[in-house]
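**Q** I'd like to go over a predicted model; first the sequence, then the structure.
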Amino acid sequence: MARIAGVDIPDKKRGEVALTYIFGIGRSRANKILQEADVDINIKAKDWNDDQIAAIRQAVGKYRLEGELRSEVQLNIKRLQDIGCYRGIRHRIGLPLRGQKTKNNARTRRGKKKTIANKKK
């Protein structure tokens with residue numbers, strides 16, 4: 001099992017998909033990294049040799065990934081909350097912030113339903 005950028009890459013996946021297990025790498029960036037490293041996209045990760053893994057590590061090192069990227073995203077959210085803009089307020093109270101309706105859906109953002117008992121007569 002190869003370890004790149006502090007993440008264990010799954011052996012049984014193709015290279016393009018295996019690299020997406022690293023936070024900050026999607027399919028298109030994975031393709032770009034494999035092209036830079038001269039590795040075939042369709043080769044499974046367990047078939048990479050040491051030279052290919054070293055080339056992939058070097059290509060991956062050019063990007064902000066994992067912890068550094070996560071902390072940057074959190075700092076951006078904190079900045080929005082500090083300046084008190086609409087998106088920051090929505091982040092703070094845990095509601096969707098890109099214009100979605102909240103009357104019926106938004107369960108993933110609002111959390112589990114809280115049942116309210118009926119008024120007694």
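**A** In hand now; what should we look at? Numbers count the residues shown, from 1 in each chain.
**Q** In contact with the residue lying closest to residue 13 once chain neighbours are set aside, which residues are there?
**A** Counting by CB to CB, 6 or more residues apart in numbering, residue 45 is the residue found nearest to residue 13 once chain neighbours are left out, at 5.9 Å. Quick note: C-beta positions are derived from backbone N, CA and C, even for glycine. Listed by CB atoms under 8 Å, 6 or more residues apart in numbering, the contact partners of residue 45 are 2, 9, 10, 11, 12, 13, 14, 15, 18.
**Q** Most neighbours among those residues, which one is it?
**A** residue 18 (26 neighbours; other CB atoms under 10 Å).
**Q** where does this protein dip in pLDDT?
**A** 121 (pLDDT under 70).
**Q** any idea which residue sits dead centre in it?
**A** Centroid-nearest residue in the chain: residue 23, 4.5 Å away (criterion: CA atoms, centre = their mean).
**Q** Reformat the contacts of residue 45 as CSV; add secondary structure.
**A** Output for these, formatted as CSV (DSSP: H, G, I helix; E, B strand; the rest coil):
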residue, secondary structure
2, coil
9, coil
10, coil
11, coil
12, coil
13, coil
14, strand
15, helix
18, helix
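**Q** returning to that earlier point: would you mind listing the residues in contact with the residue nearest to the centre of the chain?
**A** Contacts of residue 23 (CB under 8 Å, 6+ apart): 7, 65, 66, 69, 70.
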